[in-house]
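In: Below: sequence and its predicted model.
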Amino acid sequence: MKSAAGAARPARLWRVVASLLAGLTLAGCAHFTQPEPGAPAAEVRSRMGSPLAVQRQADGAERWVYSTLPMGRQVYHVEMDAEGRMQSITQVLDFQHLSNIPKGWTRRQILDYYGPPYEITEVSSFQGKVWTYRFMDDMNLRRLAHVHIDQEGRVAKVMFTDEPSADDGRLS
C-alpha cells in the first residue's frame, strides 16, 4: 500500500520533468530582435546572447556564429568590424549556402561555418561519416542536408532529402 507521500513523489517528478522540457522547448524556439548595422558588440550580445563561436579575422574583424541547432534550422553569421560594430547578419543554413559547400572542405571548416550538425551517422554506401543539418528551403519546406565527410575528414559530397514528418507515413 502506497503512502500519500509516496504517491506525491511521481506527480512532483513529472511536474519537474514537464517544466524542464517546457524550458528547453522555449530555449530552442527563442527569437531575438535583430540588431541594426552599426550596433556595438554589447548591444548585439544583449539582443542575441553569447555566440556559439567567435572567429577572428586577420584585419581584426570577427564573425560571431549563432546556431539554433540541433533542433532548430538556423545558423546566423554576425560580421563585426575591428571596432566592435556589427556590419551584417546572414542566415547561412539554407539551400544556397549548403549546396555551395566546396568539395574538400575539412571537418573544422564545416564546424566553423555551420556549427555542430543535427546528427552524425554512417551509411554502408559511403566510407566516412554523414553530418546532417536541418533547414527550411525557399518554399518553407523542412529539408535535410547530408554532408558526407570521408575518412580523411574532407567533404566528399552533399545530398539533400525532405525531412520526414509524422503525417507522411515515413516515421511509422
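Out: That came in fine, so what should we check first?

In: Flag the helix or strand of the chain with the lowest per-element mean pLDDT.
Out: helix 4-28 (a mean of 45; mean pLDDT, DSSP states H and E).

In: Could you measure from the residue nearest in space to the middle of the chain over to residue 40?
Out: Computing the C-alpha centroid of the chain and ranking residues by CA atoms, centre = their mean puts residue 69 first, at 2.5 Å. Look at residue 69 and residue 40: by CB to CB, to the nearest Å, they are 27 Å apart. Quick note: C-beta positions are derived from backbone N, CA and C, even for glycine.

In: which residues of the protein score low on pLDDT?
Out: Applying pLDDT under 70 to the chain flags the ranges 1-31, 168-172.

In: tell me the helices in it, going along the chain?
Out: All helices of the chain, identified by DSSP state H, fall at 4-28, 41-48, 95-99, 107-114.

In: Would you mark the buried spots in the last one?
Out: Residues of helix 107-114 classed as buried by neighbour count (16 or more other CB atoms under 10 Å): 110, 113, 114.

In: Who are the contact partners of the closest residue to the last one other than its chain neighbours?
Out: Meaning residue 114. Closest residue to residue 114 apart from its sequence neighbours, by CB to CB, 6 or more residues apart in numbering: residue 75 at 5.3 Å. Residues near residue 75 by CB atoms under 8 Å, 6 or more residues apart in numbering: 65, 66, 67, 68, 69, 91, 92, 93, 113, 114, 115.
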